[in-house]
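[1] Pasting the sequence and the predicted model now:
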Amino acid sequence: MAAVWEAPGRRTATSCFFEAGRREIGSSSARASSSRISGSEGLIMRMNQYGQLRGHSGCVNTVSFNPAGDLLVSGSDDTDIILWDWLAKSKRLSYPSGHQENVLHARVMPFTDDRTIVTGAADGQVRVGQLKHGGEVTTRQIGEHGDRVQKVALEPGSPHILYSCGEDGLVQHFDLRSDSPTKLFTCYSISDRRRRVRLNAMAIDPQNPNYFSVGGSDEYVRLYDSRRINLDASRNMNLPVDIFCPKHLLMSGKVHVTGIAYSYSREILVSYNDELVYLFQNNMGIGPNPESAQPEDLDKLDELQAYSGHRNSRTVKGVSFFGPNDEYVVSGSDCGNVFIWRKKGGKLMRMMRGDKNVVNCIEPHPQFPFLATSGIDKTIKIWSPASSKVMPLPKHADQIIASNARGREVNASRARVTLGPDVIMHVVRLHRSQSEFGTEHEPSAADFASGGDESFLVGLGGGGRSRRSKSDPRECIMT
């Protein structure tokens, strides 16, 4: 496969990287200084859009930095993978992933000189791209799921080991030195052992890579120990070592998990659809079976920290920690904003307009106070603390937050919504109207008048289909 190299006269990544470090945090050592002050609220309050990366022809479903932080990799509905020199705001490399449908996740394997990229997609395939010297790229399929592959998770510090999870409920383990993956287990519902849990999210404990968590189409985050998994697939008796869930959502069957992240102190951050983001300490598990949870375990959940204001309904949204000591929590939202909360106490610090429609992906830089975000737009936004003044919350922040809350409340009180032709046409008109505005569009009070919440109450996903055409514009939208 032929790769496309661009911007041959660009500055080197290293010089750009440290130029940004000097500009943003002063003349002292960039890495040492960033570790000391990246968590400063002064920097958070000066976060502003550094630039946009243009190159994809479809929704950008995944963005992630390489371990060094000088490159950004992205994947899209157009099935292409792009490596960006994000400081220079230019493409470094573009190649076809080999997937037949929308790329949903892409990561650079560590300690591979940025030449090994693993991807998962809506076609159910897990693939690896190998970047050769001279610009050639080869890709091959290394595994397959029976439905969309929403996440690949890399073992910290390993150039060979990764996991995948998909909407077929299957979790697989890969060693790139081996010819085939190991099927670890299929995740089933706790209340109905015949029903598979469609997995959307997966994260590995950075302090102990033997532990990983998965979440999907029910309310539970399941923690597994890879050393205790029985590979006898015929028995399928693998149980998690622990389960996490807010007390009020236990056995509710009304929500599902869209994003999971670990802090370096082993806290677990969980984002729920049409609910809030919650922070679990690692001792807040309720055991392997919620139906037999002990009262003392449930009492711990009274201290759960929540983060609110955003709306997570229409897509599969990620969530992340931000800051050198994970001082902040960041998420996208259906309202098109990036939300940043203080981790301790949950105070909303920033709302930044990141998409004309929905922000799905949030990726913090591994060393510096930069963010990459993407969503329904075809562009990637880069954020840095470059503003010369403190940036307040948007003028209509209260109305945006209230509208998001109304949408959650109405959706929670309704059963499944059947979309009539008039509603569908209203949503289509709404999206066309939104597309006429730039990303810097500031909503007016009229945007939040009664009757204007319909865009938050309905999704355009074809929930009954397990496969979608890559040309289907609704791939970015999920019910």
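    Structure received.
[2] Show me what counts as buried in stretch 380-398.
    Across stretch 380-398, burial judged by 16 or more other C-beta atoms under 10 Å covers I380, K381, I382, W383, S384, P385, A386, M391, L393, P394, H396, A397. C-beta: built from backbone N, CA, C; applies to glycine.
[3] Just the ones in strands from the residues you listed, please.
    Counted as lying in strands by DSSP state E, out of the buried residues of stretch 380-398, are I380, K381, I382, W383, S384.
[4] Can you tell me which of the buried residues of stretch 380-398 is nearest N282?
    Proximity of those to N282 (C-beta to C-beta) peaks at W383, which lies at 29.4 Å.
[5] and the gap between the closest one and E363?
    Relative to E363, W383 is positioned 10 Å away (C-beta to C-beta, to the nearest Å).
[6] list residues touching both of these two?
    Both W383 and E363 are in contact with L371, A372, T373, where contact means C-beta atoms under 8 Å, 6 or more residues apart in numbering.
[7] What's the local residue count around the last one?
    Counted by other C-beta atoms under 10 Å, the residues lying close to T373 total 26.
[8] what packs against the strand or helix carrying it?
    Using DSSP states H and E, T373 maps to strand 371-375. For strand 371-375, the elements it packs on are strand 60-65, strand 359-364, strand 379-384, judged by 3 or more C-beta pairs under 8 Å, 6 or more residues apart in numbering; DSSP states H and E.
[9] With distance to M351 and mean pLDDT as added columns, please give the ones you listed in JSON lines.
    Putting the helices and strands packed on strand 371-375 into JSON lines (distance: least, C-beta to C-beta, whole Å; pLDDT from 0 to 100) gives the following:
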{"stretch": "strand 60-65", "distance to M351": "20", "mean pLDDT": "98"}
{"stretch": "strand 359-364", "distance to M351": "11", "mean pLDDT": "97"}
{"stretch": "strand 379-384", "distance to M351": "12", "mean pLDDT": "97"}
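[10] Could you pull up the contacting residues of M251?
    So M251 contacts S191, E219, P290, E291 (C-beta under 8 Å, 6+ apart).
[11] where does it land in three-state SS?
    The three-state label given to M251 by DSSP: H, G, I helix; E, B strand; the rest coil is coil.
[12] go on, V410?
    Per three-state DSSP, the local secondary structure of V410 is helix.
[13] what's near enough to touch the residue nearest in space to the middle of the chain?
    Note on the chain: the residue nearest the mean C-alpha position is G318, at 2.6 Å, using C-alpha atoms, centre = their mean. By C-beta under 8 Å, 6+ apart, the contact set of G318 is A201, T258, G259, A261, S271, S331, G332, N360, C361, I362.
[14] Can you report phi and psi for it?
    Main-chain dihedrals, G318, degrees, to the nearest 10: phi -90, psi 170.
[15] which one is it nearest to, not counting chain neighbours?
    When the adjacent residues along the chain are set aside, G318 lies closest to G259, with 4.3 Å between them (C-beta to C-beta, 6 or more residues apart in numbering).
[16] what about that neighbour, neighbour count?
    By other C-beta under 10 Å, the residues close to G259 number 26.
[17] And it, how close does it get to P159?
    G259 is 26 Å from P159, where distance means C-beta to C-beta.
[18] Check Q150 too.
    23 Å.
[19] When the two are compared, which one has more neighbours?
    The neighbour comparison of Q150 against P159 (other C-beta under 10 Å) goes to Q150, with 25 against 15.
[20] Quick check: pLDDT value at that one.
    We have a pLDDT of 96 for Q150.
[21] Contacts only, for it.
    With contact taken as C-beta under 8 Å, 6+ apart, Q150 is in contact with L104, H105, G120, C165, G166, E167, L199, N200, A201, V316.
[22] again, but for R228
    Contacts of R228 (C-beta under 8 Å, 6+ apart): V241.
[23] burial of the residue lying closest to L176 once chain neighbours are set aside, as a residue count?
    Spatially, and ignoring its direct neighbours in sequence, L176 is nearest to H160 (4.7 Å; C-beta to C-beta, 6+ apart). Taking other C-beta under 10 Å as the neighbour definition, H160 ends up with a count of 16.
[24] rewinding a little: for the contacts of G318, give me a markdown table that also has distance to R92.
    Converted to a markdown table, these look like this (distance: C-beta to C-beta, whole Å):
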| residue | distance to R92 |
| --- | --- |
| A201 | 29 |
| T258 | 30 |
| G259 | 28 |
| A261 | 27 |
| S271 | 31 |
| S331 | 28 |
| G332 | 25 |
| N360 | 23 |
| C361 | 19 |
| I362 | 22 |
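[25] May I see the ChimeraX selection of the buried members of these?
    With 16+ other C-beta under 10 Å as the criterion, this ChimeraX line picks the buried residues out of the contacts of G318:
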select :201,258,259,261,271,331,332,360,361,362
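[26] Return the member of the contacts of G318 nearest to A88.
    The closest of these to A88 turns out to be C361 (C-beta to C-beta; 21.1 Å).
[27] Show me which parts of whichever strand or helix holds V128 are buried, residue by residue.
    When secondary structure is defined by DSSP H and E, V128 falls within strand 125-131. Neighbour-count burial for strand 125-131, counted by 16+ other C-beta under 10 Å, picks out Q125, V126, R127, V128, G129, L131.
[28] Tell me if I'm right that the last one and V137 touch.
    Put plainly, it is L131. Yes. Between L131 and V137 there is a contact at 5.4 Å, judged by C-beta atoms under 8 Å.
[29] just the buried members of the contacts of M251?
    Of the contacts of M251, these count as buried by 16+ other C-beta under 10 Å: E219, P290.
[30] Most widely separated two among the contacts of M251?
    Pairwise distances across these peak at 12.9 Å for E219 and E291 (criterion: C-beta to C-beta).
[31] pLDDT weak spots in the stretch 301-450 of the chain?
    Filtered on pLDDT under 70, the stretch 301-450 of the chain yields the residue ranges 415-450.
[32] What segments of it are helices?
    Assigned by DSSP state H, counting those that start in this stretch, the helices in the stretch 301-450 of the chain fall at 397-413, 421-435.
[33] How far off centre is the longest one?
    If I follow you right, that is helix 397-413. Computed by C-alpha atoms, centre = their mean, to the nearest Å, the chain-centroid distance of helix 397-413 equals 22 Å.
[34] Check which residues of it are buried.
    By 16+ other C-beta under 10 Å, the buried positions in helix 397-413 come out as A397, Q399, I400, I401, S403, N404, R406, G407, R408, N411.
[35] Grab the nearest non-local neighbour of the third one.
    This points to I400. Nearest one to I400, counting by C-beta to C-beta, 6+ apart, is C335 at 5.3 Å.
[36] so that neighbour makes contact with A402?
    No. Taking contacts as C-beta under 8 Å, C335 lies outside contact range of A402: 10.9 Å.
[37] Who are the contact partners of the nearest residue to L250 once chain neighbours are set aside?
    Sequence neighbours aside, P290 is the residue nearest to L250 in space, at 5.6 Å (criterion: C-beta to C-beta, 6+ apart). Going by C-beta under 8 Å, 6+ apart, P290 touches I190, Y220, I243, C245, L250, M251.
[38] Alright, that wraps it up for me.
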